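*Asks:* Quick one: sequence and predicted model below, then my questions.
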Amino acid sequence: SRAAFKGFDTRAMEEYIEYGTRLIEDGTAYTLKCQPSAEAAVYAGRPYDLWATIAAIQCPTVVACGAKSLGMMNHAHFSALSTRMSHGRLAVAPTAGHFLVMESPLWCASQIAMECEADL
């Protein structure tokens, strides 16, 4: 019932529930399998100087985002990231928001396939 999950692809949502959550001990609700400390560590591990790190990437790189992503991680942010790379390309999923892979998995797969075919 959370608003963030409403745009999830049906199969992605089913797998998120099956593999990403577990019943709490009394069996009355679900919680994430991922420990809160592990999730916090993901965000704490970001490069301190993201812009310098991004500019150093020399290989072809696709920066993908959802057109409906709001807040700090919006389309303009990802566009700026892609232009900082010498071989960066921005790809925007028109119907996705913040949870790009969960909302538009087929679009993401098509972007990966297109990039792989370009390198052949």
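*Replies:* Looks like it arrived, so ask away. Numbering: from 1, shown residues only.
*Asks:* All the helices of this structure, residue numbers only.
*Replies:* 10-20, 36-44, 50-55, 75-84, 100-103, 105-118 (DSSP state H).
*Asks:* In contact with Lys33, which residues are there?
*Replies:* Tyr19, Gly20, Thr21, Arg22 (C-beta atoms under 8 Å, 6 or more residues apart in numbering). Backbone N, C-alpha and C define where each C-beta goes, glycine included.
*Asks:* so the last one bridges to which residues?
*Replies:* Spelled out, that is Arg22. Beta-bridge partners of Arg22, counted by DSSP bridges, are Thr31.
*Asks:* what's around it, how many residues?
*Replies:* Per other C-beta atoms under 10 Å, the neighbour tally for Arg22 reads 12.
*Asks:* surely it meets Cys34?
*Replies:* No: with contact defined as C-beta atoms under 8 Å, Arg22 does not count as touching Cys34 (10.0 Å).
*Asks:* Would you mind measuring from Met13 to Thr28?
*Replies:* Distance, Met13 to Thr28, by C-beta to C-beta, to the nearest Å: 21 Å.
*Asks:* Neighbours of Ser69, how many?
*Replies:* Ser69: 21 neighbours (other C-beta under 10 Å).
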